[in-house]
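**Q** fold the following, please.
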Amino acid sequence: MRAISRPLHVLRSGLAGLAGDNRGNTAILFAISLVPLLGVVGFGLDYTFANRQKALLQNSLDGAVLAGAQALAQGAANPSQVVTQYVSTALANKVAQTPTVMVNVQNSGSSSVSASATMTIPNTFMRLIGSPETTVVANSQATFGAGKLEVALVLDVTYSMTGAKLAAAQSAASGLVDTLFSLPNAASAVKVGLVPFTYYVNVGTTYAGANWLTSTAPVSHTTTTTATTTTCSVPATYSSTLTPATCTGTNDGVPVTYDCSYYAQLTPASGCTSTTGPYTYTSNFNWNGCVGSRNYPLDLNDTVALTDPVPALVTDPTFYYSYGCPAPLQRLTTNSASLKTQINALVAQQETYIAPGLLWGWRVVSPNAPFADGAAYGPAVKKAIVLMTDGFNTHSANYPDHEAANVTDANNVTAATCNNIKTAGVAIYTIAFQVTDPTIKSILQSCATSVSYYYDATTIAALQSAFTSIGAQMTALRLSQ
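**A** This next block holds a predicted model:
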């Protein structure tokens, strides 16, 4: 205040001197003009000081409501007290008067703490013209969480995830589940589903006979063929110890080695005769939960019409193949413990086709058939898919199965599925985990809702960081006013 008081003293002295000066009209006119000049200068100085005080008040209130919202999220008994104490401490010895603070706590869905603060500041100059004080007001609100959340975790469990990579993904995904369910009122505000994928998705055998699937009935087929049977009077003999051997190959596009040790033959069989004749055998096939794709472009949307059911891949009499499927998906649930148990039980196997994982992740959060678990599309509920993959498409749709290997077609379907999901209002987070293929990395980056929703995780630590960042984005503590 010393900087303000000194000009005031000078102006007062000048006015006093002019009162006794008789040197004509010039002095009188100067004295008259000095009065409005004093008002203008004084208003400017008081106004500047008041704005500085208001800025201090606003900054302290912003910090206070953030602290209050954090306290609310952690279950504190009195978040309002946290706000008022924060303001008091932050402004101690910094403002002219202690402000009056009003706090409102909203603890449902997207929980928030809002506050308004009022402070009266004494004027130095303006009081000379009848305005002794200025009142400043600050308002702020902090929100914890994103309201209601529906999230599908779409996780790559192909063979290339074997070992430490899968363990890291399980730990990171479980951590994200913990983060989401730590939100206030998570039991009523948060639902999370799980979609493990290889080049198929498993919807679970509990849906056997569902009208949105093609027939899931067991298939039994008897085949009669010609076979040759060989009988030897003296069988071959073999070593009782294994001969060590290692073989190489590829699985999910990844070079692998495996043990192919064998028992060496010591003596060949002798006295052998062969008989050729009819051979009859019966094959029995059951549905294991695997689903394929409806003809393009039906599988580029979330809705399943009963007139176009999803192919249930029961091996038929013309195609003797047992489809390799991952663990069943989990529809939206509020049971975090059960969800983490399923995540931790995942096993790496088979090869990669990303589009079915995305599609069923979409169906998990969708309000439409076949599950219809999700709330209606709109701003009331945030829907999101978290896609994590470590590889590139090695399979594509062969309608109804995925036994083709047209990588270009698989990439195109993956990109189209992403676009339709985002158009529907579902956010997509993508994580490329130690992916080296530039084409699929580009697709994943374009698939993500925004630049900040894409993560290029080159290490296990980066994978953990990606899931942590996604959790922070979904449950952000932020100023909302």
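
**Q** what about residue 104, which SS state?
**A** strand (DSSP: H, G, I helix; E, B strand; the rest coil).

**Q** next, count neighbours for it.
**A** 13 (other Cβ atoms under 10 Å). All C-beta atoms are positioned from the backbone trio N, CA, C, and that covers glycine.

**Q** heads up, I number from 27, so please use that
**A** In the new count, where the first residue is 27, that last one comes out as residue 130.

**Q** grab the nearest non-local neighbour of it.
**A** Distances taken as Cβ to Cβ, 6 or more residues apart in numbering place residue 140 nearest to residue 130, at 4.8 Å, with adjacent residues excluded.

**Q** go on, residue 237?
**A** Residue 237's closest residue in space is residue 332 (Cβ to Cβ, 6+ apart), at 5.6 Å.

**Q** one step back: run a quick neighbour tally on the residue nearest to residue 130.
**A** By other Cβ under 10 Å, neighbour count at residue 140 equals 21.

**Q** thought it was touching residue 109?
**A** No. Look at residue 140 against residue 109 with Cβ atoms under 8 Å: they stay out of range, at 9.4 Å.

**Q** common neighbours of those two, please.
**A** 91, 129 (Cβ atoms under 8 Å, 6 or more residues apart in numbering).

**Q** now do whichever strand or helix holds residue 283: distance to the chain's middle.
**A** Residue 283 is part of strand 280-285, with elements assigned from DSSP states H and E. Here the centre of strand 280-285 is set off from its chain's centre by 34 Å, with Cα atoms, centre = their mean, to the nearest Å.

**Q** just stretch 480-490 next, same as before
**A** 14 Å.

**Q** which other residues reach it?
**A** Under Cβ under 8 Å, 6+ apart, the answer for stretch 480-490 is 190-191, 194-195, 197-198, 201, 414, 455-461, 467, 470-471, 473-474, 491-492, 495-496.

**Q** list the buried residues in the host helix or strand of residue 436.
**A** Using DSSP H and E, residue 436 sits within helix 433-449. Buried residues in helix 433-449, defined by neighbour count with 16 or more other Cβ atoms under 10 Å: 433, 435, 436, 437, 438, 439, 440, 441, 443, 444, 446, 447.

**Q** so which elements touch that helix?
**A** Here helix 433-449 touches helix 380-391, strand 453-459, helix 464-473, going by 3 or more Cβ pairs under 8 Å, 6 or more residues apart in numbering; DSSP states H and E.

**Q** go again with 6 Å.
**A** For helix 433-449, the contact count by 3 or more Cβ pairs under 6 Å, 6 or more residues apart in numbering; DSSP states H and E identifies helix 380-391, helix 464-473 as packing neighbours.

**Q** one step back: and the buried residues of helix 433-449 as CSV, adding distance to residue 177?
**A** Converted to CSV, the buried residues of helix 433-449 look like this (distance: Cβ to Cβ, whole Å):
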residue, distance to residue 177
433, 29
435, 29
436, 25
437, 25
438, 27
439, 23
440, 20
441, 22
443, 18
444, 17
446, 18
447, 13
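
**Q** what's the closest of these to residue 235?
**A** residue 443 (27.5 Å; Cβ to Cβ).

**Q** residue 384 is in contact with that closest one, correct?
**A** Yes. Residue 443 lies in contact with residue 384 (Cβ atoms under 6 Å); the separation is 4.8 Å.

**Q** quick check: domain ranges of the protein?
**A** Domain assignment for the chain by automatic domain parsing gives 28-170, 174-242+315-505, 245-311.

**Q** pLDDT weak spots in the protein?
**A** For the chain, the stretches flagged by pLDDT under 70 are 27-69, 99-101, 122, 134-136, 171-172, 247, 342-348, 503-504, 506-507.

**Q** mind listing the strands for the stretch 227-376 of the chain?
**A** Assigned by DSSP state E, counting those that start in this stretch, the stretch 227-376 of the chain shows strands spanning 227-228, 245-260, 263-269, 272-277, 280-285, 288-293, 296-311, 316-317, 356-359.

**Q** pipe these into JSON lines and attach distance to residue 323 per row.
**A** Below are the strands of the stretch 227-376 of the chain laid out as JSON lines (distance: least, Cβ to Cβ, whole Å):
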{"stretch": "strand 227-228", "distance to residue 323": "18"}
{"stretch": "strand 245-260", "distance to residue 323": "29"}
{"stretch": "strand 263-269", "distance to residue 323": "53"}
{"stretch": "strand 272-277", "distance to residue 323": "31"}
{"stretch": "strand 280-285", "distance to residue 323": "31"}
{"stretch": "strand 288-293", "distance to residue 323": "50"}
{"stretch": "strand 296-311", "distance to residue 323": "29"}
{"stretch": "strand 316-317", "distance to residue 323": "17"}
{"stretch": "strand 356-359", "distance to residue 323": "25"}
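
**Q** out of those, which gets nearest to residue 78?
**A** Short answer: strand 356-359, nearest of those by Cβ to Cβ, at 51.2 Å.
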